[in-house]
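Chemist: Dropping the sequence and predicted coords here.
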Amino acid sequence: MKAMVFEGESGVRYRAVDDPTLRDHSSAIVKVTHCSICGSDSQFYHGINNASTDTGFCVGHETIGEVVELGRHVDQVKHGDQVMLSGLTSKACGVCANCKAGKPFYCHRLQLGIYGNSCALHGGQAEAILVPDAKANATLIPEGISAEQALLLTDTLATAYFGCEKAEIQPGGAVAVVGLGPIGLMAVELAFVFGASQVFAIDPVDYRREQARTLGAVPLKPEEAAQEMTEATDAAMADSIIDAAGRESSIQLSAEIASNRGVIACVGISHHPTLQFPHLLAIMKSLTFRSVLSYVPMSWPALIPLLQSGRIRPERVFSHHMPLSEGEQAYTQFFEKQDSTLKVVLNPG
């Protein structure tokens with residue numbers, strides 16, 4: 001089959017790889033119908049792999065598709081079912097107190113994996129993908145959810161949701177979103193659902209700010225944000241910050257524009273493994289800072305009804321649809337911010 005493959009210093013390339021095969025009786029093979037590039041894939045584009053020393057693996061962790069092969073222990077889906085795959089795989093022990101209470105994501109021995117970070121678990125920017133522990137990790141696409149919406153549910157929309165939740169947005173509160181990639185733009189939309197009265201949307205890129213403006217946010221350039229927010233809020237600043245960039249500069253700015261006792265939720269992932277933190281400023285303002293990992297399926301009970309009712313329309317972040325064979329071009333457009341690219345759907349078929 002063909003796939004987007006991490007080749008080390010040369011980045012990500014479209015080439016032939018071996019077809020996936022069942023790992024055991026609990027796994028499944030899914031024919032990929034739609035996949036997409038996440039901002040966290042930037043490390044691979046730049047020839048870096050912070051997760052392992054591996055090369056030659058299929059990248060991508062945002063995937064939906066059709067079940068084409070099943071292990072004998074997989075009984076909650078069948079051949080031909082359309083499924084969505086959480087970018088973060090899980091395997092619960094089934095015997096601890098939380099598992100017995102029906103809370104497998106709080107399992108004391110929870111084993112987590114991420115598609116497309118090493119040869120141990122190939123990713124979904126490919127024609128097909130192996131799904132381990134498929135009973136837990138392959139989920140039927142719900143009624144009334146489009147393919148694009150299901151694709152966003154596999155990671156980015158869930159991440160935006162947890163960012164808003166962990167930033168403790170309160171009805172009537174002022175919110176700032178730093179970094180207006182796909183996750184940041186979805187955080188803007190969700191912040192209003194959470195009850196924000198004002199949302200300040202901060203990014204250096206013009207077309208991203210314009211997209212945030214259409215969602216009802218106040219668009220700001222990073223260098224102007226602190227002054228503009230001081231005037232707009234009478235120096236109260238933002239109670240809740242979602243940092244969707246995850247860089248030293250964005251974390252510093254987040255601390256500067258946060259109110260006293262404000263809450264910052266960092267959902268952005270930089271390909272730099274270590275960052276400087278504005279510790280003194282955080283202490284002086286008594287800030288709460290949270291680094292947020294998205295346990296994707298835990299967001300679905302809240303997000304799926306919002307999508308089905310039309311209350312949110314996050315699929316608007318998809319600016320381009322391209323065949324998987326043009327994946328290298330898609331990576332360049334996305335990470336070099338060419339052609340007003342917000343997010344790309346890749347179609348293997």
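Modeler: Now that the structure is in, tell me what you want to look at.
Chemist: In stretch 339-347, which residues are buried?
Modeler: For stretch 339-347, burial by neighbour count (16 or more other Cβ atoms under 10 Å) applies to 341-346. Every C-beta, even on glycine, is put in place using the N, C-alpha and C of the backbone.
Chemist: between those residues, which is nearest residue 155?
Modeler: Closest approach to residue 155 among the buried residues of stretch 339-347 (Cβ to Cβ): residue 343, at 11.3 Å.
Chemist: Would you mind measuring from the closest one to residue 337?
Modeler: Going from residue 343 to residue 337 by Cβ to Cβ, to the nearest Å gives 12 Å.
Chemist: same question, residue 328
Modeler: Separation of residue 328 from residue 337 (Cβ to Cβ): 16 Å.
Chemist: what do you get for residue 224?
Modeler: Here the distance between residue 224 and residue 337 works out to 19 Å (Cβ to Cβ).
Chemist: which of these two has more neighbours?
Modeler: residue 337 (16 against 10; other Cβ atoms under 10 Å).
Chemist: Residue 53: how many residues sit nearby?
Modeler: Neighbours of residue 53 under the rule other Cβ under 10 Å: 7.
Chemist: Where does it fall, secondary structure wise?
Modeler: Assigned by DSSP states H and E, residue 53 falls within no helix or strand.
Chemist: Next, it: phi, psi?
Modeler: phi -90, psi 0 (degrees, to the nearest 10).
Chemist: what's across from the residue nearest to residue 288 when sequence neighbours are not counted in the sheet?
Modeler: Excluding its sequence neighbours, the residue lying closest to residue 288 (Cβ to Cβ, 6 or more residues apart in numbering) is residue 263, at 4.5 Å. Taking DSSP bridges as the rule, residue 263 bridges to residue 240, residue 288.
Chemist: pretty sure residue 263 is touching residue 168, no?
Modeler: Yes - counting by Cβ atoms under 8 Å, residue 168 is a contact partner of residue 263 at 4.7 Å.
Chemist: which residues do those two both contact?
Modeler: 239-240, 288 (Cβ atoms under 8 Å, 6 or more residues apart in numbering).
Chemist: Show me which of those are buried.
Modeler: Buried by 16+ other Cβ under 10 Å: 239-240, 288, out of the shared contacts of residue 263 and residue 168.
Chemist: Just send these back as TSV, with pLDDT and distance to residue 50 too.
Modeler: Putting these into TSV (pLDDT from 0 to 100; distance: Cβ to Cβ, whole Å) gives the following:
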residue	pLDDT	distance to residue 50
239	97	32
240	98	28
288	97	26
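Chemist: between these, which is closest to residue 42?
Modeler: For residue 42, the nearest member of these is residue 240. The distance, counting by Cβ to Cβ, is 25.5 Å.
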